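Enquirer: Structure, please.
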Amino acid sequence: MSDIGIGVIGCGFMGKTQVETIAKFVNGATMKAVYDANPEAAEQVAQKYGISAEKSLAGLLSREDIGAVFIETPHFLHGEQALQAIAAGKHVMIEKPMAHTVELCDEIIRRAEEKGVLVSIVFSQRSRDCNLRAKELITQGAIGRVRQILDFHLLAGGLVKFPKWQSDKENLGILFGHAIHCFDRIRWLTGAEYATVYGKCMSMDPQAVVEASSMVLMTMTDGTVVTLWSSGELPPPSFPRREFSAMIVGDKGLMDLDAYGELLINTSGKWEVVVRQAPVDWAGKGFLDPVRLQSFTRHAQGFIDAIREKRQPPVTGWDGRQAVRAALAAYESSRTGREIILSK
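Expert: Have a look, this model is predicted:
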């Protein structure tokens, strides 16, 4: 089978990440073209990789040599761009979050099924070493039945540390844009759906128009109780081991999971290191360090293999939809002061 031609929509931080990943590390796929609303950004990426820079989204989607697209644009654009790609008959990998409403998520899933194309979401945290091993151990019953999770996504510096567009109201906030990974990881680790959500979402910056700090209390359909603390505005340097981490309580043991550091387990009264995540060389190799790209490579490879083998990808549109639903429920709860019941 010939390689699948890939187009990337959006040439910012994540767009460049995916182009580098596909061009250098993914088997069975070939970069063909990019599109960005800023033509200069697209041209720079195209020249670096020897590919085409399309002047319009329609131009990219009309290319017969492109079988799949990766959508790497601001969050509020994901849904409509995914629908356009599906209408053009392209398989779609959507940067998280899937879309900014549950209704759009449902429409994407429905249209993709009708068109016979696959949809996946960039939940690349699933592909990091410590997260992968934690999932394996939980599935094997190493800590027994999971009963409680305290999940963290904590960053320092405030909204000025994020791309400017993430402060726009239509992109909703940090819980939705970044801690969406947490909502997905919780579902993935437990194998359960969200039952109830109660959230308090706010910003410590009085000038902010979007949420930047949230605390969310949730229950899962299997009875697991979860607390999620997300903030992008802690005083530097934030807390150690808490950028993307979780404390997991099973009825037979404990886990302390740091996605960017170590996975620790305690089943015998003593903490043991199970696996360490190699650090990213931010100062030297930068954001395209192959260590950082390892999880994106695994994730993209799973998507490409699914297309070639005509099966569902490891991360599905339903996974994206359920994470969006839970995150939006936290916002609704914060607005109304009520617990939101998602599933009995």
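
Enquirer: which ones are touching residue 25?
Expert: With contact set as CB atoms under 8 Å, 6 or more residues apart in numbering, residue 25 has these partners: 290, 293, 297. All C-beta spots, glycine's among them, are computed from the backbone N, C-alpha and C.

Enquirer: Determine the three-state secondary structure at the closest residue in space to residue 180 that isn't next to it in sequence.
Expert: Excluding the flanking residues, the one nearest residue 180 by CB to CB, 6 or more residues apart in numbering is residue 97, at 4.6 Å. For residue 97, the assignment made with DSSP: H, G, I helix; E, B strand; the rest coil gives coil.

Enquirer: Residue 97 and residue 176 touch, don't they?
Expert: Yes. Residue 97 lies in contact with residue 176 (CB atoms under 8 Å); the separation is 5.9 Å.

Enquirer: which residues are common contacts for those two?
Expert: 75, 324, 327.

Enquirer: From the residues you listed, pick the one nearest residue 259.
Expert: Nearest to residue 259 out of the shared contacts of residue 97 and residue 176 is residue 327 (CB to CB; 18.4 Å).

Enquirer: check contacts around the residue nearest to residue 180.
Expert: 75, 78, 121, 176-177, 180, 320, 323-324, 327.

Enquirer: what about it, distance to residue 194?
Expert: Separation of residue 97 from residue 194 (CB to CB, to the nearest Å): 15 Å.

Enquirer: now the shared contacts of residue 97 and residue 176: which count as buried?
Expert: The neighbour count (16 or more other CB atoms under 10 Å) marks 75, 324, 327 as buried among the shared contacts of residue 97 and residue 176.

Enquirer: ranges for the helices of the stretch 201-344 of the chain?
Expert: With DSSP state H, counting those that start in this stretch, the ranges of helices along the stretch 201-344 of the chain come out as 290-309, 317-336.

Enquirer: Can I get the first one in PDB, CA atoms only?
Expert: Included here for helix 290-309 are C-alpha records, laid out as PDB according to Å, rounded to 0.1, in the frame of the first residue of the first chain:
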ATOM      1  CA  PRO A 290      12.800  13.800  19.300                       C
ATOM      2  CA  VAL A 291      12.100  13.000  23.000                       C
ATOM      3  CA  ARG A 292       9.200  15.400  23.000                       C
ATOM      4  CA  LEU A 293       8.000  14.100  19.600                       C
ATOM      5  CA  GLN A 294       8.000  10.500  20.700                       C
ATOM      6  CA  SER A 295       4.500  10.600  22.100                       C
ATOM      7  CA  PHE A 296       3.200  12.400  19.000                       C
ATOM      8  CA  THR A 297       4.900   9.800  16.800                       C
ATOM      9  CA  ARG A 298       3.200   7.000  18.600                       C
ATOM     10  CA  HIS A 299      -0.100   8.800  18.500                       C
ATOM     11  CA  ALA A 300       0.100   9.700  14.800                       C
ATOM     12  CA  GLN A 301       1.400   6.200  13.900                       C
ATOM     13  CA  GLY A 302      -1.700   4.600  15.500                       C
ATOM     14  CA  PHE A 303      -3.900   6.900  13.400                       C
ATOM     15  CA  ILE A 304      -2.100   6.100  10.200                       C
ATOM     16  CA  ASP A 305      -2.100   2.400  10.900                       C
ATOM     17  CA  ALA A 306      -5.800   2.500  11.600                       C
ATOM     18  CA  ILE A 307      -6.500   4.100   8.200                       C
ATOM     19  CA  ARG A 308      -4.300   1.600   6.400                       C
ATOM     20  CA  GLU A 309      -5.900  -1.300   8.200                       C
END
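
Enquirer: Could you say which helix or strand holds the residue nearest to residue 263 when sequence neighbours are not counted?
Expert: Once flanking residues are discounted, residue 263 sits nearest to residue 130: 4.1 Å by CB to CB, 6+ apart. Using DSSP states H and E, residue 130 falls within helix 129-140.

Enquirer: Buried ones in that helix, by neighbour count?
Expert: 129-135, 137-138.

Enquirer: the inter-axis angle of that helix versus helix 290-309?
Expert: Following axes from the mean of the first three to the mean of the last three CA atoms, to 10 degrees, one obtains 50 degrees for the angle between helix 129-140 and helix 290-309.

Enquirer: for helix 129-140, packing partners?
Expert: Judged by 3 or more CB pairs under 8 Å, 6 or more residues apart in numbering; DSSP states H and E, helix 129-140 is in contact with helix 180-190, strand 245-250, strand 254-258, strand 262-266, strand 272-276.

Enquirer: Mind doing that once more with 7 Å?
Expert: helix 180-190, strand 254-258, strand 262-266, strand 272-276 (3 or more CB pairs under 7 Å, 6 or more residues apart in numbering; DSSP states H and E).

Enquirer: That's all I had, so thanks and see you.
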